[in-house]
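Peer 1: next input, structure requested:
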Amino acid sequence: MPGTVAIDFSGGSIIPYRHGYAVVVVDVIRATTTAITAVDTGRECFPVPSLEAAWRLAAKLDNPLMVGELQGEIPVGFHLNNSPAELAMRTETSRPMILLSTNGSKLICESGKCDVAYLACFRNYASTAVQLDGRHSKIALIGSSSLGEFREEDQICCAWIAEKLLKAGYKPQNKKTSEIIERWRGATVGAFVGNNSVAYLRRSGQLRDLEFILTHVNDLNGAYVVQKDRIVAVPSETQSKFP
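Peer 2: I've put the predicted structure just below:
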């Protein structure tokens, strides 16, 4: 059932893709990487759109792990930054996790209003493409907006997924999508390391997250969906179906 694939970013609004599309949220640095890493370890993950929503939910959960940042700062009372590297080192995976970030968690929550919503990052881009192929005729890959920018790491992840879908017979929905795919065709995982996202990680002493992202590429064989108020893993088929 090949169809069309679009690449866009949340600065242009997710509303046009709310109905009739399978939406894939991408925020490589760092919300979708953090969320997927949490669920991969067996932890429940609850994204929230605001600090107020985080504390309301925390009052209902049993000893939740509060993870996140707002404008680059860890909110008072939170346990960890929005850091996949730090999270991967935690062993108490039975604690549910509440995830808050300046942009990514808001986009994830907004995607929950869509017909179908997935999360993707470098860790599961190929298995996400496998999950999408043949199940959805219209796919929208949505990168998180950071300071009004469609950051390069998100463009790369979207382009990698889209390129696999094109090989399976899907068509780009518009010229912008074709241009992004062509721009990053054959890009290496480190093609974005000079950008503003990495500059922020460097300034804030969080380069461990960059190392984690660069060394965890296509290492998960599963897809992750937004289901009501949480992120849930779904098994994916073998990746060998793609050329």
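Peer 1: sheet partners, orientation included, of the helix or strand of the chain with the lowest mean pLDDT?
Peer 2: For the chain, counting by mean pLDDT, DSSP states H and E, strand 145-146 ranks last in confidence among helices and strands (a mean of 85). Using DSSP bridges, the neighbouring strands of strand 145-146 in the sheet come out as strand 149-150 (antiparallel).
Peer 1: how far off centre is the partner strand?
Peer 2: Taking Cα atoms, centre = their mean, to the nearest Å, one finds the center of strand 149-150 at 15 Å from the center of the full chain.
Peer 1: same check on stretch 81-92?
Peer 2: The gap between the average C-alpha position of stretch 81-92 and the chain average comes to 16 Å, counting by Cα atoms, centre = their mean.
Peer 1: start and end of that stretch, how far apart?
Peer 2: Between the opening and closing residues of stretch 81-92 there is a gap of 16 Å (Cα to Cα, to the nearest Å).
Peer 1: pLDDT (mean, whole number) over that stretch?
Peer 2: Along stretch 81-92, the predicted confidence averages to a pLDDT of 96.
Peer 1: give me the contacts around the longest helix seen in the chain.
Peer 2: The residue-count maximum for a helix in the chain (DSSP state H) belongs to helix 152-167. Applying Cβ atoms under 8 Å, 6 or more residues apart in numbering, the external contacts of helix 152-167 come out as 5, 7, 9, 24, 26-29, 120-122, 125-126, 128-130, 132-133, 139, 141-144, 170, 172, 177, 180-181, 183-185, 187, 189, 191-192, 195, 197, 213, 242-243. Placement of C-beta: from N, CA and C, glycine included.
Peer 1: just to be sure, which of those residues are found in helices?
Peer 2: Using DSSP H to define helices, the subset of the contacts of helix 152-167 located there is 125-126, 128-130, 132, 177, 180-181, 183, 197, 213.
Peer 1: which members of those residues are classed as buried?
Peer 2: In terms of neighbour count (16 or more other Cβ atoms under 10 Å), the buried residues within the ones in helices among the contacts of helix 152-167 are 125-126, 128-130, 132, 177, 180-181, 197, 213.
Peer 1: can you give me the buried ones in the host helix or strand of residue 67?
Peer 2: Assignment of secondary structure by DSSP states H and E places residue 67 within strand 65-68. Residues of strand 65-68 classed as buried: 65-68 (neighbour count, 16+ other Cβ under 10 Å).
Peer 1: dump those to JSON lines, plus distance to residue 100 and pLDDT.
Peer 2: Written out in JSON lines, the entries for these read as follows (distance: Cβ to Cβ, whole Å; pLDDT from 0 to 100):
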{"residue": "65", "distance to residue 100": "12", "pLDDT": "98"}
{"residue": "66", "distance to residue 100": "8", "pLDDT": "98"}
{"residue": "67", "distance to residue 100": "7", "pLDDT": "98"}
{"residue": "68", "distance to residue 100": "3", "pLDDT": "98"}
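Peer 1: widest-spaced pair of those?
Peer 2: Spatially, the most separated pair among these is 65 and 68, at 10.3 Å (Cβ to Cβ).
Peer 1: which residues do the two both contact?
Peer 2: With Cβ under 8 Å, 6+ apart applied, the overlap between the contact sets of residue 65 and residue 68 consists of 80, 98.
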